[in-house]
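J.: The amino acid sequence is not available; the structure is as follows:
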C-alpha cells in the first residue's frame, strides 16, 4: 500500500492570493520644463554623406537619433559637435532620414 504523502496531484494546486492587497506606490515626478527637442528630415539623393546644421544653439553636445524612412540602409553618425552633425549611410540611396535632437540636461 503506497502512502499518499509521496503522490502529488499538480492539477489541483492553486495560487492563493492574500485577502488584503497592498496598493502600489508610484514615484512622483515634478515636470518643471517641457522637452527640449529638435526634429528634422534630411534628404539623401544618391550620396553617402550629409551634414545637418542645428537650428537651435546647444551648450553641450546633444543626443541624436537618426532613422531612415523606408530604406534598407544603416545610418550612423561620423562627426558630432554643438553646431552640426555628419550622417553617413551604408550605401548611397534616395530617401529621407528623420533626426531627433535632444538637449542634454546637467
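T.: Ah, there it is. Note that the structure is a prediction, hence the values are computed from the model and not measured. Residues are numbered from 1 along each chain as shown.

J.: List the contacts of the residue nearest the centre of the chain.
T.: With distances taken as Cα atoms, centre = their mean, residue 65 lies nearest the centre of the chain, 8.2 Å away. Residue 65 makes contact with 99, 100, 102 under the criterion Cβ atoms under 8 Å, 6 or more residues apart in numbering. To be clear about C-beta, it is placed using only N, CA and C from the backbone, and glycine gets the same treatment.

J.: Give me the sheet partners of the helix or strand hosting it and which way each runs.
T.: Here residue 65 is covered by strand 63-68, with elements defined by DSSP states H and E. With DSSP bridges as the test, strand 63-68 is paired with strand 84-102 (antiparallel).

J.: show me where the protein has strands.
T.: Using DSSP state E, the strands of the chain run over residues 37-53, 63-68, 75-80, 84-102.

J.: Let me see the contact set for residue 104.
T.: Contacts for residue 104 (Cβ under 8 Å, 6+ apart) come out as 58, 60, 61, 62, 63.

J.: and if you look at residue 57?
T.: Contacts for residue 57 (Cβ under 8 Å, 6+ apart) come out as residue 82.

J.: Next, count neighbours for residue 87.
T.: Using other Cβ atoms under 10 Å, residue 87 has 22 neighbouring residues.

J.: Against residue 35, how distant is it?
T.: Residue 87 sits 22 Å away from residue 35, going by Cβ to Cβ, to the nearest Å.

J.: swap in residue 58?
T.: 15 Å.

J.: The two: which is more packed in?
T.: Higher neighbour count among residue 58 and residue 35: residue 58, with 16 against 7, using other Cβ under 10 Å.

J.: Report the beta-bridge partners for residue 93.
T.: Under the criterion used (DSSP bridges), residue 93 bridges to residue 47.

J.: who's in contact with it?
T.: Residue 93 makes contacts with 44, 46, 68, 71, 73, as judged by Cβ under 8 Å, 6+ apart.

J.: Sweet, I'm off.
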